[in-house]
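[1] sequence first, then the predicted structure, then my questions.
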Amino acid sequence: MNKSDKIYVAGHRGLVGSAIVRNLQSKGYCNIVGRTHKELDLTNQADVTRFFEEEQPDIVVLAAAKVGGINANKTKPAEFAYENMQVQCNVIKCCHDFHVKKLLFLGSTCIYPRMAPQPIPEDALLTGPLEETNEAYAIAKIAGLEMCRFFRMQYGDDFISCMPTNLYGPYDNFDLQDSHVLPAMIRKFHEAKVGGAESVELWGTGSPLREFLYVDDMADACVFLLENYSGEQHVNIGTGKEVSIKGLAEIVCSTVGFEGKIIWNHDMPDGTPRKLTSVDKLHAIGWQHKVELEEGVKLAYEWFKENIDTARMNGR
């Protein structure tokens, strides 16, 4: 990559894309292109083709996706499958047609089997059944990942993929109907504290183990891979450390300062029992995370408080 390369970050206003833009800018990449959903509908093939004709980007980061937590994935599987595959097909094909020098496709660790070996190595892909609660999203992401590999195999395109673990941080989605577990906890505990509630209800048993990565660390890893990696196999991005959902709740509760009771609703699903990525490949390439969970939760909560009027909540 050259500092003068025109870099298109698809999804530049989201949690992932905005962090990647910040990291690129901090490293001196100033020719960055982005379009809002209103300006460019990535599910529309003609619009995407027209955009690539006009802008002719050198580098593309495909961070745009329809994402959500267990409830959103469970109730809207057709939307998750269709919209994500439409976006991926359109952008990846245009990257080939318009001779983009390098494409970075961002997947998700939900692509791995529900009962994958722990920590999960990259070669665990397609070795067993997926977790049912996010199956549609996972299948869409697997399709995008494999499409990048197929274009590399057939045409020699420099298309690489990475699989970030559970992300959190600035510009996250705090809509309780669609958000992931950590931002949902931040909002729930904050509103309970402000409202003087005696308790907060959380889904499941609190026993599942999860790995969380601060989004600015993820962005740093993505730019590192753009600059240093051109391999065929996708690369996990994570911390290699895990915490139970109950332990996470205690960290968020303490950070927010909520002093009430946590009630676990055992009638609601837990999701995958354990999901920890192996980051040996990423470490071998030369990158490791910097922000630990307790510090990251504090940073995320501070951002939430400072931006509560404009944060993504209740569909806005």
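    The structure has been received and is ready for your questions.

[2] from here on, just use CA atoms for contacts and neighbour counts.
    Fine.

[3] quick one: the strands in the stretch 151-300 of the chain?
    Taking DSSP state E, counting those that start in this stretch to define them, one finds strands in the stretch 151-300 of the chain at 159-164, 166-168, 199-203, 209-210, 212-214, 235-237, 243-244, 261-265, 274-275.

[4] buried stuff in the third one?
    For strand 199-203, the buried set under the neighbour-count rule, 16 or more other Cα atoms under 10 Å, comprises 200, 202-203.

[5] of these, which one scores lowest on pLDDT?
    The pLDDT minimum for these sits at residue 203, where the score is 91.

[6] name the helices or strands packed onto the helix or strand bottoming out on mean pLDDT in the chain?
    Lowest by mean pLDDT, DSSP states H and E among the helices and strands of the chain is helix 70-75, with a mean of 76. Applying 3 or more Cα pairs under 8 Å, 6 or more residues apart in numbering; DSSP states H and E, we find helix 70-75 packed against helix 135-155.

[7] what packs against the helix it packs on?
    Right, helix 135-155 is packed against helix 70-75, helix 77-97, strand 102-106, strand 159-164 by 3+ Cα pairs under 8 Å, 6+ apart.

[8] list of residues touching that helix?
    67, 73, 77-78, 80-82, 84-85, 88-89, 92, 96, 105, 107-108, 110-112, 130, 157-161, 232-234 (Cα atoms under 8 Å, 6 or more residues apart in numbering).

[9] can you select the buried ones from these in PyMOL?
    Buried members of the contacts of helix 135-155, defined by 16+ other Cα under 10 Å, are picked up in PyMOL with:
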select buried, resi 73+80+81+84+85+88+89+92+96+105+107+108+110+111+112+130+157+158+159+160+161+234
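
[10] ok, back up a step: tell me the most buried of the strands of the stretch 151-300 of the chain?
    Ranked by mean neighbour count, the strands of the stretch 151-300 of the chain are led by strand 235-237 with a mean of 27 (mean count of other Cα atoms under 10 Å).

[11] what is the rounded mean pLDDT of that strand?
    The model assigns strand 235-237 a mean pLDDT of 98.

[12] now for it, which elements pack on it?
    Going by 3+ Cα pairs under 8 Å, 6+ apart, strand 235-237 lies up against strand 159-164, helix 280-285.

[13] okay if I get these as TSV plus mean pLDDT and distance to residue 194?
    Shown next, in TSV, are those (pLDDT from 0 to 100; distance: least, Cα to Cα, whole Å):
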stretch	mean pLDDT	distance to residue 194
strand 159-164	97	33
helix 280-285	98	41
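
[14] residue 254: which of those is closest?
    Closest to residue 254 of the helices and strands packed on strand 235-237 is strand 159-164 (Cα to Cα; 26.3 Å).

[15] tell me how far the closest one lies from the chain's centre.
    Centre-to-centre, strand 159-164 and its host chain are 11 Å apart (Cα atoms, centre = their mean, to the nearest Å).

[16] now the angle from it to helix 77-97?
    Strand 159-164 and helix 77-97 are oriented at 150 degrees to each other (axes from the mean of the first three to the mean of the last three Cα atoms, to 10 degrees).

[17] so what secondary structure elements neighbour strand 159-164?
    So strand 159-164, by 3+ Cα pairs under 8 Å, 6+ apart, packs with strand 102-106, helix 135-155, strand 235-237.

[18] comparing these, which comes out most buried?
    Among the helices and strands packed on strand 159-164, highest average neighbours (mean count of other Cα under 10 Å) belong to strand 235-237, with a mean of 27.

[19] centre of the chain to that one, how far?
    12 Å.

[20] in CSV, list the helices and strands packed on helix 135-155 along with distance to residue 153.
    CSV is the format used below for these (distance: least, Cα to Cα, whole Å):
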stretch, distance to residue 153
helix 70-75, 32
helix 77-97, 12
strand 102-106, 14
strand 159-164, 10
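
[21] out of these, nearest to residue 22?
    Nearest of those (Cα to Cα): strand 102-106, 16.4 Å.

[22] give the pairing partners of that closest one; include direction for each.
    The strands beside strand 102-106 in its sheet (DSSP bridges) come out as strand 59-62 (parallel), strand 159-164 (parallel).

[23] out of those strands, flag the one nearest residue 258.
    Once the strands paired with strand 102-106 are compared by Cα to Cα, strand 159-164 is nearest, at 29.8 Å.

[24] what's near enough to touch residue 99?
    residue 58 are the contacts of residue 99 under Cα under 8 Å, 6+ apart.

[25] where in the protein is pLDDT low?
    Along the chain, segments meeting pLDDT under 70 span 314-316.

[26] switch the cut-off to 90
    14, 65-76, 108-110, 114, 131-134, 173, 175-180, 269-275, 309-316 (pLDDT under 90).

[27] returning to that earlier point: would a markdown table of the strands paired with strand 102-106 with distance to residue 207 be doable?
    As requested, these are exported to a markdown table (distance: least, Cα to Cα, whole Å):
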| stretch | distance to residue 207 |
| --- | --- |
| strand 59-62 | 33 |
| strand 159-164 | 22 |
